[in-house]
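> structure for this input, please:
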Amino acid sequence: MPGIDKLPIEETLEDSPQTRSLLGVFEEDATAISNYMNQLYQAMHRIYDAQRFPLGGDDEVMSSTLQQFSKVIDELSSCHAVLSTQLADAMMFPITQFKERDLKEILTLKEVFQIASNDHDSAINRYSRLSKKRENDKVKYEVTEDVYTSRKKQHQTMMHYFCALNTLQYKKKIALLEPLLGYMQAQISFFKMGSENLNEQLEEFLTNIGTSVQNVRREMDSDVETMQQTIEDLEVASDPLYVPDPDPTKFPVNRNLTRKAGYLNARNKTGLVSSTWDRQFYFTQGGNLMSQARGDVAGGLAMDIDNCSVMAVDCEDRRYCFQITSFDGKKSSILQAESKKDHEEWICTINNISKQIYLSENPEEIAARVNQSALEAVTPSPSFQQRHESLRPVGQSRPPTARTNSLGSLGSESTNLTALSLDSLVAPNTPIQFDIISPVCEDQPGQVKASGQGGRRTNPFGESGGGTKSETEDSILHQLFIVRFLGSMEVKSDDNPDVVYETMRQILAARAIHNIFRMTESHLLVTCDCLKLIDPQTQVTRLTFPLPSVVLYATHQENKRLFGFVLRTSGGRSESNLSSVCYIFESNNEGEKICDSVGLAKQIALHAELDRKASEKQKEIERVKEKQQKELSKQKQIEKDLEEQSRLIAASSRPNQASSEGQFVVLSSSQSEDSDLGEEGKKRESEA
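Numbers count the residues shown, from 1 in each chain. Just a heads-up that it's a prediction; the model follows:
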C-alpha cells in the first residue's frame, strides 16, 4: 500500500544510529496506537453494554405499568438482542483481537530486543578489552563465541521486531476500519428490523400512553404543591424547637412514655480522671436500651433496663446528665440529654420501663395512672387502710407476715390497722430530707454519739484519730451493699412495720411532685455493731447507725429494691427525749438480703451479748472460788503456824539435859517429836 513508511530490515545487522532513531519513531507510534485503541475499546464496550439492558426488568411496578407495551417490548428486545450479537461479532471481536494479540506482541518483542541489544553491547565491550601483549587463546575463544552468539540473537530479534512494526502500520488501519464497519452494518440491520416490525399504526396506542403520562405529571405537581405547603407549616411550627433547650412551659414534659428515641452523649472513661463524650442515637426496644452510631445499619444493645435504676447526676463539665445502673449493679452508664425536657422524659421513660409497664396491653395508660397515683399520694386520706388498699394491685392477696428478722412484712394486715391513722404513724408537718448530711456536720440525724465524744466533729477524711481501733475491725459479720438514699423523715411509731411502707409512699410521692430524681449512691456496710454509709469514691463514712438503735426494718413487698429502717435516737421533734427517724433506700434488687443481713447482725449481737454476760458470770464465779480458795489456804497456814508454835512451847518446857562434856544440847522440834515417839514406844513395850 503506498504512503506507508517501513523500517529497513536490511540494516538491522549494521544497527546504525539512524536506524535506531527511526526505530524510536515507530515505537512512539506503536505506543500512541496502543493508548488510542484502549480508549476506543472502552467506548465501544460501553456501546455494546448499552444494548444489553433489560427492557422488561424485574420491577413489579414497571412490569404492571408496561403491560400494554408487552408486544412492542418483546419485538424491541429481539431486535436489540440481534444488534448486540452483531456488535459483539463485527465490532468487539476485531478490536479485542488487535488489542490482546498484536499490541501485546509488539510490547513483548520490544522487551526481547532491548535485552538482546544490551547483551550484544556487553559482549562487544569484553571483546574490545582483550590484551595485545598477553594473548590467551581460551579467553579469546570464549569472548569471540559470546560476541557471535549475542550478535546473532540481536540480529534475529531486531529483524522480527522490525517486521512486526512494519506489519503494525497495516494492522492499525484494519483495526480502525473493521470495528467501525461492523458497527455501521449492525446499526443498518437494526434499523431495517425496526422499520419492518414497527410499521403498524400505533397512533391511538401512543395517544393513550401520552394521556397517562400527563395525568401522572398533574398528580406529581399536586403532590409537590402539598409537600411545599407542609414544609412551610413545619418550618413555622418547628421554629421554637430549633432552640436546643426549649421553654418547658410551652412544651410540657410527658412522664407517661414507655418508648423514646433521640441523640444522647455517652461518657467513656479514658483514664483514671479523663473521659470522652460520644454522641450516638439511643432508642428503647422493649426492656432494652439500644444505641446506634451514625452510618450504622442497625443498633446494638447498650444496657438491659429491666429492674434498673436511673437518677440524675451532677457532672463537672456537663449539664442534664443522668446515670443508669443495671439491676445487679455491675454496669452503669452516664448519659447527657440535650435539654431539660429530654432529660426528665428520658428518666421517666426508663423508670416506666424498669417497672415493666411496657408489657401491659395499654402501657401509656397504665403509666399515666401510676404517675397520677403518685401525684395524688400526697393528699391526706381518712386512714392508712384506704391508702394501703388503693395502692394494692387488684386480685392480689397478701399473706400474713412470716419474716422474723425484719419485724414483719410491709403487707401484713393487723386487726387494729383500720383504726391506724396518719398521725399515729408519721409526725404531722414533718420535713423530708432528700440528701445525706455531710460528714463534717456537728449533729448528724440518726447518728447516736458515743459516750465521751461530746460535740467532736467527724473527720471528713475518714481517718481514725488518736490511734483508736476501728469499731468494725473485730466484727464477725461484714456485708457490703450498693444503695441509693431516697429520703428520711421523723415518724411517731416505731413498733409497726407499716410505718416503713407509709414513709416510702410519702417520700416517693414527694419526689414525683417536686421532680427530684437525684439519688446519692453509697455503700451500706452491715456489721454486728452498726450500719455504715460509706462514700464509694473516697471511702469516707457518711453516716453511722448503731445497731441497737435500729428498732424496725422492712422491705417493700412489691418492689424488692426498696427497703427502710427506723432509728430511735435521743432528742428530736417529739416531747419525749427519744425520737424515731425512718430512712428509705433503694438497692439493686437486694432489699430482702439487706433486711436479712440486719436481722442476722442483730441475732449475732444478741448471742454475743448473751455470751458476754455468761462469760462475765463465769468469771465472777471463778473469782469467788479463787477468793474462797485463798481464804482456805490462809486458814490452813494459820493452823499450821499455831501447831508449830505449840510444839516449840512444849519443847522449851522440858528440863535441859547436859552432854558428857558438860554442854547443853538443844533439840529441834522434829528431834523432840522423834524422842517423844521413842519414849512412847519404850513405854508401850514395857507395858506389853
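> show me what contacts Asp306?
Asp306 makes contacts with Gly287, Phe327, Ile353, Ser354, Gln356, as judged by C-beta atoms under 8 Å, 6 or more residues apart in numbering. In short, each C-beta sits where N, CA and C put it, glycine included.
> over to it: give its phi and psi.
With angles defined as degrees, to the nearest 10, Asp306 sits at phi -70, psi 130.
> how about Ile584?
With angles defined as degrees, to the nearest 10, Ile584 sits at phi -120, psi 130.
> name the single longest strand found in the protein.
Identified as the longest strand of the chain according to DSSP state E is strand 479-491.
> in terms of secondary structure, what does it contact?
helix 498-514, strand 520-526, strand 578-587, helix 591-653 (3 or more C-beta pairs under 8 Å, 6 or more residues apart in numbering; DSSP states H and E).
> ranking by neighbours, what's the top pick from the contacts of Asp306?
The most crowded member of the contacts of Asp306, judged by other C-beta atoms under 10 Å, is Ile353 (28 neighbours).
> list the contacts of that residue.
Ile353 makes contacts with Thr258, Thr284, Gly287, Ile305, Asp306, as judged by C-beta under 8 Å, 6+ apart.
> would you map the strands across this structure?
Under DSSP E, the chain gives strands at 261-269, 275-285, 288-292, 300-304, 309-313, 321-325, 332-336, 479-491, 520-526, 530-534, 541-546, 550-555, 562-570, 578-587.
> Ser128 is nearest to which of the ones you listed?
For the strands of the chain, proximity to Ser128 was assessed by C-beta to C-beta; strand 275-285 is nearest, at 74.1 Å.
> mind checking how far Thr96 is from Tyr41?
7 Å (C-beta to C-beta, to the nearest Å).
> what sits opposite Asp278 in the beta ladder?
Counting by DSSP bridges, Asp278 forms beta bridges with Ala266.
> buried sites along the longest strand of the chain?
Neighbour-count burial for strand 479-491, counted by 16 or more other C-beta atoms under 10 Å, picks out Phe481, Ile482, Val483, Arg484, Phe485, Leu486, Gly487, Ser488, Met489, Glu490, Val491.
> what is the burial count for the residue nearest to Tyr282 when sequence neighbours are not counted?
Distances taken as C-beta to C-beta, 6 or more residues apart in numbering put Leu264 closest to Tyr282, at 4.8 Å, once the chain neighbours are dropped. A count of nearby residues for Leu264, using other C-beta under 10 Å, gives 25.
> relative to Gly182, how far out is Leu264?
64 Å.
> Val550: neighbour count?
Neighbours of Val550 (other C-beta under 10 Å): 20.
> you'd agree it is up against Phe565?
Yes: using C-beta atoms under 8 Å, Val550 is in contact with Phe565, at 5.2 Å.
> mind listing the shared neighbours of the two?
Joint contacts of Val550 and Phe565 (C-beta under 8 Å, 6+ apart) are Leu531, Val598.
> buried set for stretch 12-19?
Neighbour-count burial for stretch 12-19 [16+ other C-beta under 10 Å]: Thr12, Thr19.
> can you get me the start-to-end distance on it?
Using C-alpha to C-alpha, to the nearest Å, the end-to-end distance of stretch 12-19 comes to 8 Å.
> now stretch 570-578
4 Å.
> do the same with stretch 547-564
One end of stretch 547-564 sits 14 Å from the other (C-alpha to C-alpha).
> and the residue nearest to Leu552 when sequence neighbours are not counted, what is it in contact with?
Counting by C-beta to C-beta, 6+ apart, Val566 is the residue found nearest to Leu552 once chain neighbours are left out, at 4.0 Å. Residues counted as contacts of Val566 (C-beta under 8 Å, 6+ apart) are Val491, Asp494, Val499, Val500, Val550, Val551, Leu552, Tyr553, Ser580, Val581, Cys582, Tyr583.
> which of these are buried? Put it as a PyMOL command.
Those of those that count as buried under 16+ other C-beta under 10 Å are selected in PyMOL with:
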select buried, resi 491+494+499+500+550+552+553+580+581+582+583
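> just the closest of the contacts of Val566 to Ile347, please.
In terms of C-beta to C-beta, no member of the contacts of Val566 lies closer to Ile347 than Tyr583, at 23.1 Å.
> tell me the pLDDT at the residue lying closest to the closest one once chain neighbours are set aside?
The shortest distance from Tyr583 to any non-neighbouring residue, by C-beta to C-beta, 6+ apart, is to Ser488 (4.5 Å). pLDDT for Ser488: 89.
> for Ser488, list each beta-bridge partner.
For Ser488, the beta-bridge partners under DSSP bridges are Gln433, Tyr583.
> for this structure, give me the ranges with low pLDDT.
Segments of the chain classed as low confidence (criterion: pLDDT under 70) are 1-4, 50-76, 196-203, 373-429, 437-475, 571-576, 654-688.
> so who does Lys593 touch?
Taking C-beta under 8 Å, 6+ apart as the test, what Lys593 contacts is Phe481.
> actually Lys250, not the one I wrote
With C-beta under 8 Å, 6+ apart, Lys250 has these contacts: Pro240.
> buried stuff in stretch 514-531?
Buried positions in stretch 514-531, judged by neighbour count with 16+ other C-beta under 10 Å: 516-531.
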